[in-house]
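> build the 3D model from these lines:
(one chain, ligands or ions: 1)
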Amino acid sequence: MDLSKKVRLRVGTNKIKFTMKILIMGPPGAGKGTIAEMLQKDLGVMHLSSGDILREAVKENNPLGLEAKAYMEKGVLVPDSIIIKLMKEKLNEDNFVLDGFPRNLAQVKQLEDEDIKVDAVLNLKVSEKTIVSRISGRRICTKCGKIYHLQNMSPKKDAICDNCGNKLYQREDDKPDTIKERLKTYKEQTEELIKYYSDKGILNNIDADGNKEAIYAKITGLQWIKKRKSKLRARS
Ligand code: AP5
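Model (predicted):
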């Protein structure tokens with residue numbers, strides 16, 4: 001499929017403006033945040049992770065974050081009203097990679113009501129064995145949020161971030177019982193979005209069981225990404 005057709009053109013003041021709005025989907029631990037970081041670095045698009053935005057709101061004792069905390073600890077979705085309020089103000093960019101939002105059809109509708117349409121969806125497909133191994137070894141920087149894995153992507157110094165020198169931590173919801181609940185929630189509420197975006201003709205299934213470089217190469221090999229990348233280069 002030639003995804004370049006999905007690049008939305010907007011005519012502004014004598015300028016043609018291209019948008020690059022990517023949604024990255026996949027079960028918990030599939031590697032969405034890891035790939036989104038790579039896209040951000042490579043293409044200069046903003047990484048908007050609903051999970052990170054929620055964890056930041058909890059850390060700051062923001063009332064919406066405090067309300068969301070109990071849901072996150074259980075591994076279920078936080079109410080749409082909370083996540084939509086937190087996400088709305090971040091979605092004004094022309095180029096971004098959305099990670100973790102939308103997560104159900106009500107959230108898709110909210111997005112579309114705001115006239116925000118994603119250009120391409122990357123669906124990371126991984127086995128359950130991979131999910132368990134990735135989540136159980138995950139560690140994250142307390143300061144800059146960089147994602148590590150004890151075996152697969154370990155920091156140079158034990159439990160210290162290579163980027164900023166701060167400590168790494170394990171997420172509260174990365175415990176076995178909560179992981180089970182998160183997987184169940186994904187299957188019951190989020191998986192149906194795959195069909196929704198497939199019907200729109202913008203879904204790209206990516207086999208994501210391998211190493212991150214191999215997965216990223218598959219993504220940058222997609223026609224839509226290739227064309228968009230060369231347009232970005234030509235502009236800079
Ligand atoms: P969120 O933070 O979005 O969690 P998630 O979807 O469960 O996804 P994860 O962050 O666990 O995994 P990931 O796919 O990003 O994997 P990562 O790259 O870190 O949401 C948390 C909670 O917030 C939800 O349960 C819910 O309560 C709430 N929430 C969030 N959004 C919401 C919404 N829209 N509506 C309502 N509630 C919402 O990788 C995992 C590990 O694997 C890392 O250690 C990494 O280093 C390693 N790894 C990654 N790729 C590879 C690879 N290719 N090879 C080897 N190791 C790898």
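> flag every residue of the chain that's near the ligand.
26, 28-34, 50-51, 54, 71-72, 75-78, 83, 100-101, 103, 107, 134-135, 137-138, 147-149, 152-153, 173, 182, 211-212, 215 (CB under 6 Å from any ligand atom). Quick note: C-beta positions are derived from backbone N, CA and C, even for glycine.
> buried subset of these?
26, 28-34, 50-51, 54, 71-72, 75-78, 83, 100-101, 103, 107, 134-135, 137-138, 147-149, 153, 173, 182, 212, 215 (16 or more other CB atoms under 10 Å).
> what helix or strand is whichever residue of the chain sits closest to the ligand on?
The ligand sits closest to residue 51 of the chain, with a gap of 1.8 Å, by CB to the nearest ligand atom. Per DSSP states H and E: residue 51 is located in helix 50-59.
> got the angle between the helix or strand that that helix is followed by and helix 50-59?
On the C-terminal side of helix 50-59, the closest following helix or strand by DSSP H and E is helix 63-74. In terms of direction (axes from the mean of the first three to the mean of the last three CA atoms, to 10 degrees), helix 63-74 departs from helix 50-59 by 120 degrees.
> for residue 174, helix, strand, or coil?
coil (DSSP: H, G, I helix; E, B strand; the rest coil).
> circling back: dump the residue contacts of the residue of the chain closest to the ligand.
Residues near residue 51 by CB atoms under 8 Å, 6 or more residues apart in numbering: 33, 99, 100.
> in TSV: the residues you listed, plus pLDDT and secondary structure.
Compiled in TSV, these are given as follows (pLDDT from 0 to 100; DSSP: H, G, I helix; E, B strand; the rest coil):
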residue	pLDDT	secondary structure
33	96	helix
99	97	strand
100	97	coil
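> and which of those is nearest to residue 196?
Using CB to CB, residue 100 is the member of the contacts of residue 51 that lies nearest residue 196, at 16.1 Å.
> isn't that closest one right up against residue 28?
No. Residue 100 is beyond contact range of residue 28, at 9.7 Å (criterion: CB atoms under 8 Å).
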